[in-house]
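Chemist: this is a predicted model, with the sequence first.
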Amino acid sequence: MAQNGTTENGVTGANGDGSPPMPFPQPVKVQEIRHTKIFINNEWHTSLKGKTFQTFNPATGVKICEVEEADKTMETIDTGKPFLHSFFIDLDGSIKTLRYYAGWADKIHGKTMPVGKCLCAWNFPLLMFMWKVAPALCCGNTVVIKPAEQTPLTALHLGSLIKEAGFPPGVVNIVPGFGPTAGAAIASHMGIDKVAFTGSTKVGQLIKEAAAKSNLKRVTLELGGKNPCIVFADSDLQLAVEETQKGAFFNQGQCCTAASRVFVEEQIYEEFVRRSVESAKSIVIGDPLDPRTSHGPQIDQKQFDKILELIDSGKKEGAKLECGGVAMDDTGLYIQPTVFSHVKDHMRIAKEEIFGPVQCIFRFKSQQEAIERANSTEYGLASAVFTRNLDRALSVSATLETGTVWVNCYNALHAQAPFGGYKMSGNGRELGEYALAEYSEVKAVTIKLTETL
């Protein structure tokens, strides 16, 4: 979905040695949307009821097209995320995931499950598609995908590539639609044995309930997070600022792993806040198709309004708004990167998943205090520790109640490393060898021998 062969002005070789400019991807700004129908058995179908729903470009508010409803430039247009993020993170991560599980396909013996079903989130529609489809196919399953109604176009385009690649009919099926109709119907379907979902905790609970009331299908849930970062005074301060900022504002904060709670030791608190504000103000906001842009619009009006309402609650409850906190005046659903300091644990911005570009910075005095406050949440998806002390890094990591702990880094995801949450952040694991267990069933066959040696 990108035109290669062009270069970025002023960019020299990777070693900075004056070598010729490296090829740089450029977006195809005029996209032809070819696939808007339901994809079943390698064929495109219209809705039985003739219903369609609209999908919009969140950067401009303009309708992209209408998609049939069932009871990587494209990724940028559909989600509003910066093009280079889509190209170098979403697309690259998808390729690595496919290659990783392709390597597992001939190493699984006698473990299969009849059918799998995936509900994909809107914040990473391409990457979440691959996280679920790759291990499911590797284990010999057929798959039904219901992409999020906000971002169906990437999944539908992948349907055309699946057919072109020669997949047998019926192996991968894509049914766009809404959660209460298409999603609920599949979650409660008696012929489906597995559901994998990435999204909100509320919807995850509904899916698990539907699974229990139908055929007790297995469920993997990757849900919300209110992820803590603990920054100790002995850490590399600038590194901690940069990594927590990337964690907070990547994908406009629309990320289940968003670093929304940053606990900073009191000796370095004021300097950490100062540098964080300086960094947030330097973020380039604009057209997602502009390579200079690192911050695009929110996904839709509902999410946009929710974020601004929570920002307003933070101001009312006494947190100090250091920067941002307002919508941009231009067309589109843009919110400035927002930093709050002097945040207290009882505030809504400290407890609720915002899913927007909001960083909350807390002060702490002792290691034990930081651990207790970091764990004082209903979520348990990811966390981070910043320190130069290896003993401290290991001991704190062991006590944090999250499925992933990053040390001196953030959002360091790899196809080989399992990913998933504790508590209300879900159950089961994606990626790595652990994901194979989610899409396979163990069977013991015992045979009585009539002859003995």
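Modeler: Looks like it arrived, so ask away.
Chemist: which stretches of the stretch 251-400 of the chain form strands?
Modeler: With DSSP state E, counting those that start in this stretch, the ranges of strands along the stretch 251-400 of the chain come out as 261-265, 320-323, 338-341, 358-364, 379-380, 382-386.
Chemist: could you export these as JSON lines, including distance to Q303 and mean neighbour count?
Modeler: Where C-beta positions appear, they are placed from N, C-alpha and C, glycine not excepted. Compiled in JSON lines, the strands of the stretch 251-400 of the chain are given as follows (distance: least, C-beta to C-beta, whole Å; neighbours: other C-beta atoms under 10 Å):
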{"stretch": "strand 261-265", "distance to Q303": "20", "mean neighbour count": "26"}
{"stretch": "strand 320-323", "distance to Q303": "20", "mean neighbour count": "17"}
{"stretch": "strand 338-341", "distance to Q303": "14", "mean neighbour count": "26"}
{"stretch": "strand 358-364", "distance to Q303": "12", "mean neighbour count": "24"}
{"stretch": "strand 379-380", "distance to Q303": "18", "mean neighbour count": "24"}
{"stretch": "strand 382-386", "distance to Q303": "20", "mean neighbour count": "28"}
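Chemist: mind putting those strands into JSON lines with distance to V195 and mean pLDDT?
Modeler: As requested, the strands of the stretch 251-400 of the chain are exported to JSON lines (distance: least, C-beta to C-beta, whole Å; pLDDT from 0 to 100):
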{"stretch": "strand 261-265", "distance to V195": "30", "mean pLDDT": "99"}
{"stretch": "strand 320-323", "distance to V195": "40", "mean pLDDT": "98"}
{"stretch": "strand 338-341", "distance to V195": "35", "mean pLDDT": "98"}
{"stretch": "strand 358-364", "distance to V195": "31", "mean pLDDT": "98"}
{"stretch": "strand 379-380", "distance to V195": "21", "mean pLDDT": "98"}
{"stretch": "strand 382-386", "distance to V195": "22", "mean pLDDT": "99"}
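Chemist: which one of those lies nearest to L237?
Modeler: strand 382-386 (8.7 Å; C-beta to C-beta).
Chemist: what sits up against the closest one?
Modeler: 225, 227-232, 235-236, 239-240, 243-244, 247, 256-257, 259, 374, 392-393, 396-397, 400, 402-410, 421 (C-beta atoms under 8 Å, 6 or more residues apart in numbering).
Chemist: just those residues: which are in helices?
Modeler: Members of the contacts of strand 382-386 lying in helices (criterion: DSSP state H): L239, A240, E243, T244, G247, A374, R392, A393, V396, S397.
Chemist: which of these are buried, as a PyMOL select command?
Modeler: Buried subset of the ones in helices among the contacts of strand 382-386, written as a PyMOL selection, criterion 16 or more other C-beta atoms under 10 Å:
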select buried, resi 240+243+244+247+374+392+393+396+397
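Chemist: nearest to Q301, of the ones in helices among the contacts of strand 382-386?
Modeler: Closest to Q301, out of all of the ones in helices among the contacts of strand 382-386 and judged by C-beta to C-beta, is G247, at 25.6 Å.
Chemist: now for that closest one: which residues touch it?
Modeler: G247 touches N227, C229, T257, A258, A259, A384, Y410, N411, counting by C-beta under 8 Å, 6+ apart.
Chemist: try it again with 10 Å
Modeler: By C-beta atoms under 10 Å, 6 or more residues apart in numbering, the contact list for G247 reads 227, 229, 253, 255, 257-260, 262, 359, 382, 384, 406, 409-411.
Chemist: give the contact list for the residue nearest to it when sequence neighbours are not counted.
Modeler: The spatial neighbour of G247 that comes closest, neighbours along the chain excluded (C-beta to C-beta, 6 or more residues apart in numbering), is A259 at 2.9 Å. A259 makes contacts with 225, 227-229, 243-250, 253, 359-360, 382-384, 406, 410-411, as judged by C-beta under 10 Å, 6+ apart.
Chemist: rewinding a little: same list (the strands of the stretch 251-400 of the chain) but as a markdown table, adding distance to V175.
Modeler: What follows is these, written out as a markdown table (distance: least, C-beta to C-beta, whole Å):
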| stretch | distance to V175 |
| --- | --- |
| strand 261-265 | 37 |
| strand 320-323 | 43 |
| strand 338-341 | 37 |
| strand 358-364 | 34 |
| strand 379-380 | 30 |
| strand 382-386 | 30 |
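Chemist: between the ones you listed, which one is nearest to Q205?
Modeler: strand 379-380 (13.4 Å).
Chemist: which other residues reach the closest one?
Modeler: So strand 379-380 is in contact with 201, 223-228, 256, 261, 351, 353, 400-404, 420-426, going by C-beta under 10 Å, 6+ apart.
Chemist: gap between that strand and the chain center?
Modeler: How far strand 379-380 lies from its chain's middle: 15 Å, per C-alpha atoms, centre = their mean, to the nearest Å.
Chemist: also stretch 335-349?
Modeler: 22 Å.
Chemist: before we move on, which element is V195 in?
Modeler: Using DSSP states H and E, V195 sits within strand 194-198.
Chemist: packing partners for that strand?
Modeler: strand 115-119, helix 125-138, strand 142-146, helix 184-187, helix 201-213, strand 218-222, helix 434-438 (3 or more C-beta pairs under 10 Å, 6 or more residues apart in numbering; DSSP states H and E).
Chemist: how about low-confidence regions in this protein?
Modeler: 1-37, 39, 42, 44-81, 83, 110-123, 330 (pLDDT under 70).
Chemist: can you give the domain ranges for it?
Modeler: 1-30, 32-223, 228-414 (automatic domain parsing).
Chemist: export those domains to CSV and tack on distance to T450?
Modeler: As requested, those are exported to CSV (distance: least, C-beta to C-beta, whole Å):
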stretch, distance to T450
domain 1-30, 62
domain 32-223, 24
domain 228-414, 49
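Chemist: and of these, who's closest to E438?
Modeler: domain 32-223 (4.9 Å).
Chemist: give me the phi and psi for K443.
Modeler: phi -130, psi 130 (degrees, to the nearest 10).
Chemist: any idea how far it lies from V195?
Modeler: 21 Å (C-beta to C-beta, to the nearest Å).
Chemist: more crowded one of the two?
Modeler: Using other C-beta atoms under 10 Å, the more surrounded residue of K443 and V195 is V195, with 27 against 8.
Chemist: contact partners for the more buried one?
Modeler: Contacts of V195 (C-beta under 10 Å, 6+ apart): 116-119, 132, 144, 183, 186-189, 204, 207-208, 210-211, 214, 217-221.
Chemist: what's across from it in the sheet?
Modeler: Residues in a beta bridge with V195, per DSSP bridges, are K117, V219.
Chemist: which other helices and strands contact the longest helix along the chain?
Modeler: For the chain, the helix that runs over the most residues, judged by DSSP H, is helix 301-316. Secondary-structure packing of helix 301-316 (3+ C-beta pairs under 10 Å, 6+ apart): strand 320-323, strand 338-341, helix 348-351, strand 358-364.
Chemist: with that, I have no additional questions.
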